[in-house]
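K.L.:
would you be able to build a 3D model of this:
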Amino acid sequence: MNKEPQEKSVRTLRVGEQVRHVLSEILQRGDVHDETLARHMVSITEVRMSPDLRHATVFVKPLLGRDEAAVLKALRQNTAYLQREVAHRVQNKYAAKLKFLADESFDEGSHIDSLLRKPEVARDLDEA
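P.N.:
Prediction:
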């Protein structure tokens, strides 16, 4: 039985978590000299690595969801610096190319929660 795909999956998860920690530390310490990023607390909620570890999709959420578009723009403008720092701190064969996206999972969770709280839905749930 070949376990190689599972091992690769564990490896991509591990590297993704390392990248998440490095990016979080860089942003928390204010190492990026950008006014927008200096004014906002930004959470790196998840990093998904490609199987070859050459691409990283970074999901971010500004605190309270404020100025999300401006924060994403600032991160994208500073991608080269962030990629260099990640490559320096996470020892891999290749430097991962970073792609920043807004984390919509919080919004989806809030939407589902509001749907479940509607009287007609709550009534149906109580009957089950």
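K.L.:
so after the longest helix seen in the chain, what's the next helix or strand?
P.N.:
For the chain, the helix that runs over the most residues, judged by DSSP state H, is helix 4-29. Where DSSP states H and E defines the elements, the next helix or strand beyond helix 4-29 is helix 35-39.
K.L.:
what lies in contact with that following helix?
P.N.:
In this structure, residues lying in contact with helix 35-39 by C-beta atoms under 8 Å, 6 or more residues apart in numbering are 27, 30, 67, 70, 71, 73, 74, 75, 78. (Each C-beta comes from the backbone N, C-alpha and C, glycine too.)
K.L.:
ok, and for that helix, which residues are buried?
P.N.:
By 16 or more other C-beta atoms under 10 Å, the buried positions in helix 35-39 come out as 36, 37.
K.L.:
output it as CSV, restricted to C-alpha atoms.
P.N.:
Output of helix 35-39 as CSV, limited to C-alpha atoms (Å, rounded to 0.1, in the frame of the first residue of the first chain):
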residue,chain,number,x,y,z
GLU,A,35,0.8,52.6,6.9
THR,A,36,-2.3,50.5,6.3
LEU,A,37,-0.8,47.4,7.8
ALA,A,38,0.5,49.4,10.8
ARG,A,39,-3.1,50.6,11.5
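K.L.:
hey, which helix or strand in this structure has the poorest pLDDT?
P.N.:
helix 105-116 (a mean of 58; mean pLDDT, DSSP states H and E).
K.L.:
for residue 100, list the residues it contacts.
P.N.:
58, 60, 72, 75, 76, 79.
K.L.:
helices and strands around the longest helix of the chain, which ones?
P.N.:
Here helix 4-29 touches strand 42-49, strand 55-62, helix 79-89, going by 3 or more C-beta pairs under 8 Å, 6 or more residues apart in numbering; DSSP states H and E.
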